[in-house]
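Enquirer: With the input below, show me the fold.
(2 chains)
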Amino acid sequence: MISGDPKMTLKEIQELLQAEVIIGHDRLGEEITSAGASDLMSDVLAFGKPGILLLTGLSNSQSVRTANIIDAKAIIYVRGKKPDQEGIELAKGRNIPLLTTQFMMYTACGLLFTHGLKGIGAPRANHSHE
Amino acid sequence: MASRESALPVQTIAMSDENIFSQRFEIRGGDFSNAGKTSTSIKDILQEIGIDPSIIIRASIASYEAEMNVVMYAQRGSLTLSVTPEKLHLRLEDDGPGIENIELAMKEGFSTATEKMREMGFGAGMGLPNIKRNADKFEIFSERGKGTSLDVTIFLDKTG
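Expert: Prediction:
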């Protein structure tokens, strides 16, 4: 990985975070250009953009539902968390790769950021009262 | 390909020349294991209709937050999706406790959520602001002890 390169594949991310692939082995070649991290799904719904990598410590199925709603490309669970079975089944049906890393949120984000993966930009525009 | 989940009870309520599509979904309060299924279905429907992806994401987010509010606060509610050539409309009605102070509830961070709600990743006081942010028109009506209704309109000629 060249520092400053705006893209990382899921495979590179998996290796960097020493992550276990829960589902989605066949999609590790997917390219990721930005990431966001939160345990609050409402925050993810507010900042999320299509194609992002979502890092979260929330392991229930709402994490997968939220990823699906915002068209996130994959989820990395931090602190060794794993989604419940319902979340795994939903992710299978929606083709969303799920990975889990032992790193804590701050470290996982820091590793990705220092390897060139950018955060998302400004929040989506407010569409009301236009 | 996305697979379909078993949907909650669904009732098609209107098909007319004006409405190209209208469907009503029942939402059960407190049913955290099914929370979000209606919005996932709505997203699938909008994709099948061929709505612009940037509109779909806004409608899906508004729907998901509204659905979570019913699950968290009401006994039951309904979400009706209507799509015309010009606009997409979501109408939510619930029999919840109502919102005492709508102005306060619209402020980011204000929440009356319980620990259980927060465990689901919601209840951080972002729901209503998130819905409004994704709407072109947003109306809310609430009466204490009776319930809350929301009207969300997104115009289809704007891609946001």
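
Enquirer: those strands in chain B, which residues are they?
Expert: B:10-11, B:21-28, B:76-83, B:87-94, B:137-143, B:147-155 (DSSP state E).

Enquirer: Show me what the most centrally placed residue in chain A is bridged to.
Expert: Closest to where the C-alpha atoms of chain A average out (CA atoms, centre = their mean) is A:L54, at 2.1 Å. Beta-bridge partners of A:L54, counted by DSSP bridges, are A:G36, A:I75.

Enquirer: Against chain B, how distant is it?
Expert: Separation of A:L54 from chain B (CB to the nearest CB, to the nearest Å): 11 Å. (Glycine included, C-beta is placed from N, CA and C.)

Enquirer: who are the neighbours in contact with that residue?
Expert: Shown in contact with A:L54 (CB atoms under 8 Å, 6 or more residues apart in numbering or on different chains): A:35-37, A:44, A:48, A:63, A:66-67, A:70, A:72, A:74-76.

Enquirer: B:G125 now?
Expert: So B:G125 contacts A:S42, B:K107, B:E108, B:G109, B:F110, B:S111, B:A113 (CB under 8 Å, 6+ apart).

Enquirer: what pLDDT does it get?
Expert: Note on B:G125: pLDDT of 86.

Enquirer: so what's it closest to, chain neighbours aside?
Expert: In space, and not counting its chain neighbours, B:G125 is closest to B:S111: 3.6 Å by CB to CB, 6 or more residues apart in numbering or on different chains.

Enquirer: same deal with A:M41?
Expert: B:G121 (3.5 Å).

Enquirer: how many other residues sit next to that neighbour?
Expert: 25 (other CB atoms under 10 Å in any protein chain shown).

Enquirer: Roughly how far does it sit from A:M104?
Expert: If you measure B:G121 against A:M104 using CB to CB, to the nearest Å, the figure is 18 Å.

Enquirer: repeat for B:F21
Expert: Distance from B:F21 to A:M104, by CB to CB: 45 Å.
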